[in-house]
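S.K.: sharing a model that was predicted from the sequence below.
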Amino acid sequence: MTKMSSGGEKRIVLRLPAPIAPVKAMVAPLLKNKPELVAKAREVRAQLQKVHPAISWTITEHRQAGYRRQDEIGTPFCITIDFDTWARTRTFWNTVTLRHRIPGVGARIYRRSCRTQFDDL
């Protein structure tokens, strides 16, 4: 377990290797009061659970608080479904934000690419 500083705030991070982490990923919609985001997040979680059953689900008011909780239990990846997932531009259509626990930064990836992150776990 490590205490890390992120933007002036300290956070606790359990640095488990991904193959032994009890929860492999957390999926969450950006906003819990947007049914289209919640539905798409549930769809992504169902797809990922076919690859690995240890996929967590959360709906929270504050995304950073959800990330911190996952950091504390050693979850290696967090997947956020946001409005860019619905964007009608070629760049963002059908993408999600995949956040790695270490170093705590996210990247946009295509939804279908999520599965490959968990093939070896």
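M.R.: Received, thanks.

S.K.: any chance you could map the helices in the chain?
M.R.: All helices of the chain, identified by DSSP state H, fall at 35-51, 63-73, 83-86, 114-117.

S.K.: does anything pack onto the second one? Which helices or strands?
M.R.: In terms of contacts (3 or more CB pairs under 8 Å, 6 or more residues apart in numbering; DSSP states H and E), helix 63-73 is packed against strand 9-13, strand 25-29, strand 77-81. From N, CA and C alone the C-beta is placed, and that goes for glycine too.

S.K.: may I see these organised as a markdown table, with mean pLDDT, mean neighbour count and distance to Thr116 added?
M.R.: Formatted as a markdown table, the helices and strands packed on helix 63-73 follow (pLDDT from 0 to 100; neighbours: other CB atoms under 10 Å; distance: least, CB to CB, whole Å):
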| stretch | mean pLDDT | mean neighbour count | distance to Thr116 |
| --- | --- | --- | --- |
| strand 9-13 | 76 | 13 | 24 |
| strand 25-29 | 90 | 25 | 12 |
| strand 77-81 | 88 | 24 | 12 |
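
S.K.: can I get these in a markdown table including distance to Thr97?
M.R.: Output for these, formatted as a markdown table (distance: least, CB to CB, whole Å):
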| stretch | distance to Thr97 |
| --- | --- |
| strand 9-13 | 18 |
| strand 25-29 | 10 |
| strand 77-81 | 4 |
